[in-house]
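[1] Sequence plus the predicted model coming up.
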Amino acid sequence: MRHLLEAAHLSREEIRSIFDTARAFGPKIRNDESIPLLQGKAIVNLFYENSTRTRSSFEVAIRKLGGVAMNFAASTSSAAKGETLIDTARNLEAMRPHAIVVRHASAGSPYFLTKYVSVPVINAGDGFHEHPTQGLLDALTIEEKLGTLEGKRVVILGDIAHSRVARSNIHILKKLGASVAVCAPPTLLPPKPETLGVDYAYRPEELLPDADVVMALRIQLERQNRMQIPSIREYSAFWGMNQARAALLKPGCIILHPGPINRGVELDTELADGPRSVILDQVANGVLIRMAVLAKLVVPEATAEWLKKNGGNRA
Amino acid sequence: MRHLLEAAHLSREEIRSIFDTARAFGPKIRNDESIPLLQGKAIVNLFYENSTRTRSSFEVAIRKLGGVAMNFAASTSSAAKGETLIDTARNLEAMRPHAIVVRHASAGSPYFLTKYVSVPVINAGDGFHEHPTQGLLDALTIEEKLGTLEGKRVVILGDIAHSRVARSNIHILKKLGASVAVCAPPTLLPPKPETLGVDYAYRPEELLPDADVVMALRIQLERQNRMQIPSIREYSAFWGMNQARAALLKPGCIILHPGPINRGVELDTELADGPRSVILDQVANGVLIRMAVLAKLVVPEATAEWLKKNGGNRA
Amino acid sequence: MRHLLEAAHLSREEIRSIFDTARAFGPKIRNDESIPLLQGKAIVNLFYENSTRTRSSFEVAIRKLGGVAMNFAASTSSAAKGETLIDTARNLEAMRPHAIVVRHASAGSPYFLTKYVSVPVINAGDGFHEHPTQGLLDALTIEEKLGTLEGKRVVILGDIAHSRVARSNIHILKKLGASVAVCAPPTLLPPKPETLGVDYAYRPEELLPDADVVMALRIQLERQNRMQIPSIREYSAFWGMNQARAALLKPGCIILHPGPINRGVELDTELADGPRSVILDQVANGVLIRMAVLAKLVVPEATAEWLKKNGGNRA
């Protein structure tokens, strides 16, 4: 694995190995112990879209590994002067970082980047395409809570058509043995949902009783104006996770959300903060997954050695 | 002390202890020696309002203690997507920082935060409410210059009604034995100024001859349009500190300003850069105060030990 | 040398000494070895204009020397509240950084700063005046590629009138023995180009056949609306470096561009990515030059000692 571009290309073994590394990092991080695998290494965070969550998660991951994070936000950069992604990336690369984390509105741009730079590229979200570290952290969180993904039913609720989170999740969850169903108003489903390899329904009520996991996706409030949903109120009434719908769930069913939450739209506050919610576990696992991906891509040998000394049996 | 939320709740002893710590740090910092009390610790700076001064002062304080500063500006963050303060903070906390420094336009939001996160919260300014580290650094600067605050007369000039700086200063100055008077046009005074426990006057001339300290506050130029002051020119003519008004001051009287200065509005250039001005001492003390607060909140035992080895007799 | 304000004031010996230091740093940096000359030092990057390239180059340089970079962008700072440059700088200085790197739209502002702060000031671009580290890195790149600047012909193509890059380059290139010619439409040349000590022509075809070096400058696309160039298309047709014009060049002639490139306007993609282009060498040398300047200004003795132990014979 030289880059992390899409969950679609990860093998079951690669996913397992990332999980094992993340799990081995966990206790150290919780004890505030140092894991200096990226000491003296600089990682570029090249974000063409705003993001507290993902950028800061990568930044924390880099720092917990002893590395230096260099943040480049498009709004305060030469990108505002119309420089191409390739020129920006090549210029950043000439400053000799050890990896580039990129978020960009165009699907495929991280792949495109790998043709022009020689360091590992990590996709932190590319258009409607993929967000592989999000898929990994969600799957790790589910596995942690349910013991396994094998045979579990995951229902993803929300704007499937425009969601890189959904896409990355579907790839990973299926590889780990889960079955996935998606649910949204027809305007927020892709034209042929079955091509994603998932079941689908227009109404949550059809899917929720069988769910082991419900993943509510963020609704882009601005879509309302583009007529893709009739109104926020209607979305919330028919597809939002609220107490009434939660009453349909099996006892052990957990609820995920990639954040930021529109409370009261796709997810009610009682559920977001309630006992089924594993949202903060997702955030904590996000740091561990990104640490694992960075360590394995930037210093694979040192990471393998560290795992032998400190890690579990599998990694 | 688990958090620093408001000067109103600080005891005289807590203020003294912060001052003693700041003073013990001073010589080391001036000699460029390291005080690695926050080595390996990450502190989040969560700023919902622009600020060079305060944010960078905290950032420098964190770095001088060997810690890592993680800055989150609302304009480039998920806050722009409408995420609540609580969700942002909880997400940041799930990344396991050791403290959160927060500036927010809503009074009380740092207090609110403490209900949702488990790490120390430091208020870096909340609406019109408080800005406790500013009050502390101002009081430390005055004490340094005048030897004591006991029995001193401090005159605060400017927009008292909307000033968290004034509010925090009044609490601390009074606890340390000073008497405080405020002065502003009636529209910039709170409805009943005496409830602040201070004297007041509408014209500076009534208060300046007795002052040991004059603190000129920044005028928000945009208030002019809201009809709270007749015009900048008039404010400057009747309430601005200029050479004519400075002539009324006692010889040893010093002048403070929290910055950024509107030169020629609330404070003339000759005074800002003159011998009475202690403005740059305020900035230098700002770093020391923030170091003291961070060290005491994040690593209280290590700080106490460091002080025993390096510090003054009192701390 | 206490500051780096303008290339005009650098002696040939100072330039040589910066080059020797940069060259001595090169192999270490390429081997990822540490050069901890700025360990424990904080450098302020005070940028009043957007810049990925220059700010990040300084940031990387600071970090490769083990220092801490503190970035202040005007858009998110008190500058937005109307604070003067001097007040901002003095406030930053009171936090005890070890140098200030400044970019500002006003020519002369870094010089002005030196009157008010006591630490070294480095000009990272001031209006249409100078950008000395850019001139240094360009000259170092040329010398590296051609062996010497003595007797070489450098043709600078583009908006000479408004280019601090051109100005700094002309000073340095001439001091190192090159002859310089500039070329632009009359509206983009200064009124009397000969006062720059250079030859000039309105058409590139007159100058290109003799060039050892062609430096294409970025066209500010917004100038089109100010009627300084008839149209982007016309500029590109008559002054842009394209394959047809490149055919006029001598075999060993190299092409530079300070970035960000408007591909297809002042420089065609085939040339920017072709064998004559040394654009990525410029970026890599930019980090080395900024490391050399920072080390020599902030810790001159330690740098001299380091060079004795590690460096070339000359430095």
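    Received the coordinates, thanks. From a predicted model like this one, the values you see are computed outputs, not experimental measurements. Residues are numbered from 1 along each chain as shown, chains lettered A, B, ... in the order given.
[2] all contacts plus neighbour counts: C-alpha atoms, from now on.
    OK.
[3] And the next helix or strand past the host helix or strand of A:Lys145?
    A:Lys145 belongs to helix A:132-146 when assigned by DSSP states H and E. Next helix or strand after helix A:132-146 toward the C-terminus (DSSP H and E): strand A:153-157.
[4] Kindly export that next one (C-alpha atoms) in PDB.
    Provided in PDB are the C-alpha atoms of strand A:153-157 (Å, rounded to 0.1, in the frame of the first residue of the first chain):
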ATOM      1  CA  ARG A 153     -27.100  -5.400   9.200                       C
ATOM      2  CA  VAL A 154     -26.100  -1.700   8.700                       C
ATOM      3  CA  VAL A 155     -28.700   0.800   7.700                       C
ATOM      4  CA  ILE A 156     -27.400   4.100   6.200                       C
ATOM      5  CA  LEU A 157     -29.900   6.900   6.300                       C
END
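[5] Could you look up the SS state of whichever residue of the stretch 151-300 of chain A sits closest to chain B?
    In the stretch 151-300 of chain A, the residue that lies nearest chain B is A:Ala284 (5.2 Å; CA to the nearest CA). On the three-state scheme (DSSP: H, G, I helix; E, B strand; the rest coil), A:Ala284 is labelled helix.
[6] For the helix holding A:Lys145, buried residues please.
    For helix A:132-146, burial by neighbour count (16 or more other CA atoms under 10 Å in any protein chain shown) applies to A:132-143, A:146.
[7] Please apply the same query to stretch A:213-230.
    Buried, per 16+ other CA under 10 Å, within stretch A:213-230: A:Val213, A:Val214, A:Met215, A:Ala216, A:Leu217, A:Arg218, A:Ile219, A:Ile229.
[8] Just the residues contacting it, thanks.
    For stretch A:213-230, contacts defined as CA atoms under 8 Å, 6 or more residues apart in numbering or on different chains pick out A:142, A:152-159, A:185, A:187-188, A:208, A:231-232, A:235, A:241, A:253-262, A:265-267.
[9] Would you show me how to pick out the buried ones of the residues you listed in PyMOL?
    In PyMOL, a selection of the buried entries from these looks like this (16+ other CA under 10 Å):
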select buried, chain A and resi 142+152+153+154+155+156+157+158+159+185+188+208+232+235+241+253+254+255+256+257+258+259+260+261+262+265+266+267
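[10] neighbours of the residue of the stretch 151-300 of chain A closest to chain B, just the number please.
    22 (other CA atoms under 10 Å in any protein chain shown).
[11] From C:Tyr116, how far off is the residue minimising distance to the centre of chain A?
    In chain A, the centroid-proximal residue (CA atoms, centre = their mean) is A:Gln134; its distance is 0.9 Å. Distance, A:Gln134 to C:Tyr116, by CA to CA, to the nearest Å: 49 Å.
[12] again with A:Gly151
    A:Gly151 is 70 Å from C:Tyr116, where distance means CA to CA.
[13] what about A:Pro260, which SS state?
    Following three-state DSSP, the label given to A:Pro260 is coil.
[14] doesn't B:Leu85 make contact with it?
    No: A:Pro260 is beyond contact range of B:Leu85, at 10.8 Å (criterion: CA atoms under 8 Å).
[15] Where does the prediction get shaky in chain A?
    Across chain A, the ranges flagged by pLDDT under 70 are A:75-82, A:222-225, A:311-315.
[16] Check chain A for the residue nearest chain B and tell me.
    Taking CA to the nearest CA, chain A has A:Thr52 as its residue nearest chain B, at 4.5 Å.
[17] what's the burial count for that residue?
    20.
[18] just A:Ile86 next, same as before
    16.
[19] Quick check: closest non-adjacent residue to it.
    Spatial nearest neighbour of A:Ile86, chain neighbours left out: A:Leu113 (6.5 Å); criterion: CA to CA, 6 or more residues apart in numbering or on different chains.
[20] Can you classify A:Val102 as helix, strand or coil?
    strand.
[21] Quick check: beta-bridge partners of it?
    A:Leu46, A:Asn123 (DSSP bridges).
[22] Contact partners for it?
    A:Asn45, A:Leu46, A:Phe47, A:Tyr48, A:Pro110, A:Val121, A:Ile122, A:Asn123, A:Ala124, A:Gly125.
[23] what helix or strand does A:Ala69 sit in?
    Element membership of A:Ala69 [criterion: DSSP H and E] is strand A:68-73.
[24] swap that for A:Val60, please
    helix A:53-64.
[25] and that helix, does that touch chain C?
    No: judged by CA under 8 Å from any CA of the partner chain, helix A:53-64 stays clear of chain C, getting no closer than 13.9 Å.
[26] Phi, psi for A:Leu288 please.
    phi -70, psi -40 (degrees, to the nearest 10).
[27] burial of it, as a residue count?
    Number of residues near A:Leu288 (other CA under 10 Å) recorded here: 29.
[28] Disregarding flanking residues, what is the spatial nearest neighbour of it?
    Looking at A:Leu288 with CA to CA, 6+ apart, the closest residue is A:Ala22, at 4.9 Å.
[29] For the one you found, which three-state class applies?
    Three-state call for A:Ala22 (three-state DSSP): helix.
[30] A:Leu140 contacts A:Ala284, correct?
    No: the pair A:Leu140 / A:Ala284 is not scored as a contact, 10.8 Å apart, by CA under 8 Å.
[31] So which residues of chain A form helices?
    Under the criterion DSSP state H, chain A contains helices at A:12-30, A:53-64, A:85-94, A:109-114, A:132-146, A:164-175, A:232-239, A:243-246, A:269-272, A:279-298, A:300-310.
[32] orientation of the first one relative to helix A:300-310 in degrees?
    Pointing back at helix A:12-30 there. Here the directions of helix A:12-30 and helix A:300-310 differ by 60 degrees (axes from the mean of the first three to the mean of the last three CA atoms, to 10 degrees).
[33] Which other helices and strands does helix A:12-30 contact?
    With contacts taken as 3 or more CA pairs under 8 Å, 6 or more residues apart in numbering or on different chains; DSSP states H and E, helix A:12-30 sits against helix A:132-146, helix A:279-298, helix A:300-310.
[34] among the contacts of stretch A:213-230, which are in reach of chain B?
    A:Pro260, A:Ile261, A:Asn262.
[35] circling back: what's the offset of the helix holding A:Lys145 from the middle of its chain?
    With CA atoms, centre = their mean, to the nearest Å as the basis, helix A:132-146 stands 9 Å off its chain's centre.
[36] how much does it deviate in direction from helix A:53-64?
    80 degrees.
[37] for whichever residue of the stretch 101-250 of chain A sits closest to chain C, what are its contacts?
    Residue of the stretch 101-250 of chain A nearest chain C, by CA to the nearest CA: A:Tyr116 (10.7 Å). Residues near A:Tyr116 by CA under 8 Å, 6+ apart: A:Ile86, A:Ala89, A:Arg90.
[38] again with A:Phe19
    Contacts of A:Phe19 by CA under 8 Å, 6+ apart are A:Leu136, A:Leu140, A:Ile289, A:Ala292.
[39] Can you list the strands that the strand holding A:Ala69 pairs with?
    By DSSP bridges, strand A:68-73 pairs with strand A:42-47 (parallel).
[40] between the strand it pairs with and helix A:85-94, how big is the angle?
    With the same axes, to 10 degrees applied, the angle from strand A:42-47 to helix A:85-94 works out at 160 degrees.
[41] which residues are contacting strand A:42-47?
    Here strand A:42-47 makes contact (CA under 8 Å, 6+ apart) with A:55, A:58-59, A:62, A:67-74, A:92, A:97-104.
[42] what's the burial count for A:Arg30?
    The local packing of A:Arg30 (other CA under 10 Å) involves 10 other residues.
[43] Dump the ones next to chain B among the contacts of stretch A:213-230 into JSON lines; add distance to chain C as well.
    Compiled in JSON lines, these are given as follows (distance: CA to the nearest CA, whole Å):
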{"residue": "A:Pro260", "distance to chain C": "23"}
{"residue": "A:Ile261", "distance to chain C": "26"}
{"residue": "A:Asn262", "distance to chain C": "27"}
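[44] what about A:Glu13, distance to A:Asn310?
    20 Å.
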